[in-house]
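[1] my questions are about this predicted structure, shown below with the sequence.
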Amino acid sequence: MRPALHAEWTKIRTVAGPLWLLLGMIAATVALSAGAASVVTCTSAGCGGDMTRLCLTGVELGQALVAILAVLVISGEYSSGMIRTTLAAMPRRGTVLAAKAITLTGVVAAAGTIAVLGSLLAGRFILPRHAFTAARGYPALSLADGPTLRAAVGSVLYLALIALLSLGIAAIVRDSATAIGVVLGLLYLLPVISQVIGNPHVRRLLQQIGPMSAGLAIRATTDLHSLPLSPWAGLGVTAGWAAAALVAGGLLLRRRDA
């Protein structure tokens, strides 16, 4: 495993693409979160709203760049033919996929931490200027607050799980464009479909099984009873998607020719 991890780390840090995608993810996440915080104003005491969730809005955009990065980690090697060299150097294909998953999780978690903290810091400075003050029942965002800390840690874990889900799907389909389309469809189309379905039971079911709608419940700190699933249960659904994709991708990687 150690040589495989070293090889995957070398690939990620010596190619410009992953770095730019990670920087883009951080910038997009913080920018959208700051934009969301800057367009709301509290006009009276108790004006309502989950400010922590609002300030983590950017995760919904940042996950797209995480998905693209994760897909390219393996499908890029298929398109270039480099996968044959990788598998010749490390014949144990399960080890190769595990090394990619571990390395990818590490870099996404690191970048995700910066993005989430940057988003909350932006909210901490912006919201008081829009009348979200302690006097009106909105203390400054702080990781010392249990629900806010859970939302922050959970958002980082969510981004890592999206990376693993994308890696697994890319190992299954092997084509970059197809894999990116499948992942983004799972993330963004299911919530849209659930909103246009008239049957409330079917709509709630789709919200409970969708990797994005379920997983992003981890950001909520108020009105938890209105969520399709509890925050950690929702993140568990996303973890289930990621595990299923990785297992299927690993099995196909072992059985198919490079």
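    Thanks, I have it.
[2] can you pull out the low-pLDDT segments for the stretch 1-150 of the chain?
    The model of the stretch 1-150 of the chain has pLDDT under 70 over residues 44-48.
[3] could you pull out the buried residues of the helix or strand encompassing Leu87?
    Taking DSSP states H and E as the definition, one finds Leu87 inside helix 82-89. Across helix 82-89, burial judged by 16 or more other Cβ atoms under 10 Å covers 83, 86-87. Every residue, glycine included, has its C-beta placed from N, CA and C.
[4] over to stretch 129-146?
    131-132, 138, 141.
[5] looking at those, which one is closest to Ile162?
    Relative to Ile162, the closest of those is Leu141; by Cβ to Cβ it sits at 23.4 Å.
[6] how many neighbours does the closest residue to the closest one other than its chain neighbours have?
    Nearest non-adjacent residue to Leu141, counting by Cβ to Cβ, 6 or more residues apart in numbering: Arg124, 4.6 Å away. Arg124 has 15 neighbouring residues, counting by other Cβ atoms under 10 Å.
[7] how much space between Arg124 and Pro18?
    30 Å (Cβ to Cβ, to the nearest Å).
[8] for the chain, what spans make up the helices?
    Assignment of helices within the chain using DSSP state H yields the ranges 2-14, 16-38, 51-55, 59-80, 82-89, 93-126, 146-173, 176-184, 190-196, 200-209, 211-215, 231-255.
[9] which of those sits closest to Leu224?
    helix 231-255 (6.9 Å).
[10] residue contacts, the spatially most central residue of the chain?
    Taking Cα atoms, centre = their mean, the centroid of the chain lies closest to Leu159, which sits 2.4 Å from it. By Cβ atoms under 8 Å, 6 or more residues apart in numbering, the contact list for Leu159 reads 59, 62-63, 66, 108-109, 112, 115.
[11] what about the residue nearest to it when sequence neighbours are not counted, how many neighbours?
    Distances taken as Cβ to Cβ, 6+ apart put Gly112 closest to Leu159, at 4.0 Å, once the chain neighbours are dropped. Gly112 sits with 28 neighbouring residues when counted by other Cβ under 10 Å.
[12] re the thing from before, just the helices of the chain: most buried one?
    Compared across those, helix 211-215 shows the largest average neighbour count, a mean of 25 (mean count of other Cβ atoms under 10 Å).
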